[in-house]
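Undergrad: kindly return the folded structure for what I paste below:
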Amino acid sequence: MKKYIFLILFFTFGIFLISSIKNETRDIEKNIRNINAKIFTLYAELHEAGLDYDYLSSPTSLSILSENFFKDGHGLNFYSPRQFSYINLEAINNSNNQKAELTK
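TA: The predicted model follows:
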């Protein structure tokens, strides 16, 4: 008699355990599917960004863009080294967190 009670309890416990494990694995599979979908969309966006970069950085595209934006005479301005200001690093190191002077 004890044997039958033990078997009945064992099977009922097994049924509940199996159903809970099945539900947990179903949730995990849903999470994996969602993550795979996100990864796929990110790969697609990365591929599109790479295509955009390849197209925009091609020499023909760069020449077209330069003609469109720099044709009005407002081209690139070139500066001489005398027009830049330099930071005196020795003055920064010697001063204790005071303002550094710019030198020409």
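
Undergrad: helix or strand next in line after the biggest helix by length in the chain, which one?
TA: Determined from DSSP state H, the single longest helix within the chain is helix 2-56. Later in the chain than helix 2-56, the nearest helix or strand by DSSP states H and E is helix 59-70.

Undergrad: next up, the contacts around L17.
TA: For L17, the contact set (C-beta atoms under 8 Å, 6 or more residues apart in numbering) is empty. For glycine as for every other residue, the C-beta is placed from the backbone atoms N, C-alpha and C.

Undergrad: before we move on, what about R33?
TA: Shown in contact with R33 (C-beta under 8 Å, 6+ apart): no residues.

Undergrad: distance of it from Y43?
TA: 16 Å (C-beta to C-beta, to the nearest Å).

Undergrad: just the pLDDT for the residue nearest in space to the middle of the chain.
TA: With distances taken as C-alpha atoms, centre = their mean, the residue of the chain nearest its centroid is L42 (9.1 Å). Each residue has a pLDDT score; the one for L42 is 95.
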